[in-house]
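Enquirer: This is a predicted model, with the sequence first.
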Amino acid sequence: MSATLVSIASTPPPRPAWLRAPAPVGQNYRDLKTLIDSLGLHTVCESAACPNVGECWNHRTATFMILGNVCTRRCGFCAVQKGAPLAVDYDEPRRVAEAVAAMGLRFAVITSVNRDDRADGGAELFALTIRTIRDRIPGCGVEVLVPDFQGSHAAMDTVMAAAPDVLNHNTETVPRLYRQVRLGARYERSLDMLAYAKSASPQTPVKSGLMLGLGETIDEVLAVMRDLRAHTVDILTIGQYLRPSPKHLPIVRYVPPAEFEDLRRAGYEMGFAHVESGPLVRSSYHAADSIPVGQDGGGADHRTLWSAACEERWQVT
């Protein structure tokens with residue numbers, strides 16, 4: 001694929017047909033909404049205005065968002081509320097585990113707002129949530145989508161000691177666009193944290209994700225993908241940026257499905273073990289499909305199966 005520079009448009013182009021997602025309706029959706037509200041929980045599905053909330057909730061899956069619903073950073077792409085952080089709720093892990101049990105999940109995905117007000121960035125509550133889910137639902141797999149913890153390796157150690165089945169941290173965009181897209185983040189810091197997570201637990205799959213449509217070039221995207229592989233990332237997600245409101249960054253272009261498919265193939269050629277690439281892909285979309293699932297649903301069995309799958313794919317010893 002050759003690079004194509006894209007000029008920033010004053011108004012976004014019309015939304016194409018391939019970006020239509022199921023509406024958030026149906027009995028499962030209503031049941032899940034009632035459950036989440038009754039337990040006083042937050043989901044990134046709602047807080048970040050995810051287009052897949054209708055599909056996922058009707059399949060009784062959701063991505064839980066811990067550490068409150070107010071973020072300490074002001075990223076230009078994100079719909080999550082910004083402002084003064086809330087007090088940490090140490091009962092939140094118990095309620096998340098209750099929701100996971102009620103939904104009958106065999107694989108749970110946990111993320112959070114940025115908590116730059118805390119020395120550990122919220123790592124303690126991630127670890128507590130992982131362990132509480134495992135205690136409540138033995139064998140349940142857990143993926144965590146963590147912030148950069150301001151580069152704290154000690155914070156990452158706290159999370160990895162709880163043995164998540166997948167460690168996810170999104171790079172989101174190309175380095176040139178970081179100042180507009182990821183205010184307060186640094187590209188090199190994110191790469192370092194991904195590599196450190198892998199070094200801390202080599203058997204744990206490490207994952208990252210990118211948004212397209214913010215003005216990046218294809219060559220820039222491919223360069224980021226190569227950087228992610230060089231920093232030992234195993235799983236990659238690539239999706240279309242969708243503007244949550246007129247106050248957020250504009251959409252420069254809608255990337256066609258064929259281009260996402262080209263990037264998916266390129267990812268496998270680079271050595272990623274699993275690549276989800278498509279207009280509606282988000283970092284937790286079809287998360288359980290990215291790693292083998294054993295009969296018990298998760299835990300050490302996940303990681304054993306993952307190691308075996310990687311050995312077969314990459315022919316490593």
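Expert: Here it is on my side, so go on.
Enquirer: Next up, the contacts around T129.
Expert: Counting by C-beta atoms under 8 Å, 6 or more residues apart in numbering, T129 makes contact with I66, E92, P93, V96, A97, I110, V142, V144. The C-beta positions use only the backbone N, C-alpha and C, and glycine is treated the same way.
Enquirer: quick one: it is in a helix?
Expert: Yes - T129 sits within a helix when classified using DSSP: H, G, I helix; E, B strand; the rest coil.
Enquirer: Grab the nearest non-local neighbour of it.
Expert: Spatial nearest neighbour of T129, excluding adjacent residues (C-beta to C-beta, 6 or more residues apart in numbering): P93 at 4.1 Å.
Enquirer: so where's the stretch 51-200 of the chain shaky on pLDDT?
Expert: 51-61, 76-77, 79-80 (pLDDT under 70).
Enquirer: Quick check: phi and psi on the residue lying closest to L19 once chain neighbours are set aside?
Expert: Sequence neighbours aside, P279 is the residue nearest to L19 in space, at 5.4 Å (criterion: C-beta to C-beta, 6+ apart). For P279, the backbone dihedrals (degrees, to the nearest 10) come out as phi -60, psi -40.
Enquirer: Quick one: residues contacting the spatially most central residue of the chain.
Expert: Among the residues of the chain, the one closest to the centroid is S283, at 3.4 Å (C-alpha atoms, centre = their mean). By C-beta under 8 Å, 6+ apart, the contact list for S283 reads L145, N168, N170, K207, G209, T237.
Enquirer: what's the burial count for the residue lying closest to it once chain neighbours are set aside?
Expert: Nearest residue to S283 in three dimensions, chain neighbours excluded: G209, at 4.0 Å (C-beta to C-beta, 6+ apart). G209 has 23 neighbours, counted by other C-beta atoms under 10 Å.
Enquirer: G209 sits in which helix or strand?
Expert: Using DSSP states H and E, G209 falls within strand 206-212.
Enquirer: go on, M156?
Expert: Assigned by DSSP H and E, M156 belongs to helix 153-161.
Enquirer: ok, then the element right after that helix?
Expert: The helix or strand immediately downstream of helix 153-161 is strand 166-168, counting by DSSP H and E.
Enquirer: in that following strand, what counts as buried?
Expert: V166, L167, N168 (16 or more other C-beta atoms under 10 Å).
Enquirer: A266: which of those residues is nearest?
Expert: Closest approach to A266 among those (C-beta to C-beta): N168, at 20.4 Å.
Enquirer: returning to that earlier point: return the alpha-carbon coordinates of the strand holding G209 using CSV.
Expert: This file holds the C-alpha atoms of strand 206-212, laid out as CSV (Å, rounded to 0.1, in the frame of the first residue of the first chain):
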residue,chain,number,x,y,z
VAL,A,206,-0.2,-8.0,25.0
LYS,A,207,-2.6,-6.0,22.9
SER,A,208,-2.9,-2.5,21.4
GLY,A,209,-5.3,-0.6,19.1
LEU,A,210,-5.4,2.2,16.6
MET,A,211,-8.1,4.6,15.2
LEU,A,212,-8.0,5.7,11.6
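Enquirer: now the helices for the stretch 201-317 of the chain?
Expert: Here the stretch 201-317 of the chain has its helices, by DSSP state H, counting those that start in this stretch, at 218-230, 257-270, 300-314.
Enquirer: ok so, going back, what number of residues lie near the residue nearest to L19?
Expert: P279 has 22 neighbours, counted by other C-beta under 10 Å.
Enquirer: Next: P244.
Expert: With other C-beta under 10 Å as criterion, P244 counts 15.
Enquirer: Would you confirm that it contacts Q81?
Expert: No - the pair P244 / Q81 is not scored as a contact, 11.3 Å apart, by C-beta atoms under 8 Å.
Enquirer: Okay, buried residues for stretch 95-114 please.
Expert: Buried residues in stretch 95-114, defined by neighbour count with 16+ other C-beta under 10 Å: 95-100, 103, 105-114.
Enquirer: can you tell me which residues contact I66?
Expert: Contacts for I66 (C-beta under 8 Å, 6+ apart) come out as H42, E92, P93, V96, I110, T111, S112, G122, L125, F126, T129.
Enquirer: circling back to that earlier point, show me what the strand holding G209 packs onto, helices and strands only.
Expert: For strand 206-212, the contact count by 3 or more C-beta pairs under 8 Å, 6 or more residues apart in numbering; DSSP states H and E identifies strand 166-168, helix 187-200, helix 218-230, strand 235-240 as packing neighbours.
Enquirer: can you give me the angle the longest one makes with helix 153-161?
Expert: It stands for helix 187-200. 40 degrees (axes from the mean of the first three to the mean of the last three C-alpha atoms, to 10 degrees).
Enquirer: Check which helices and strands helix 187-200 sits against.
Expert: Helices and strands touching helix 187-200, as assessed by 3+ C-beta pairs under 8 Å, 6+ apart, comprise helix 153-161, strand 206-212, helix 218-230.
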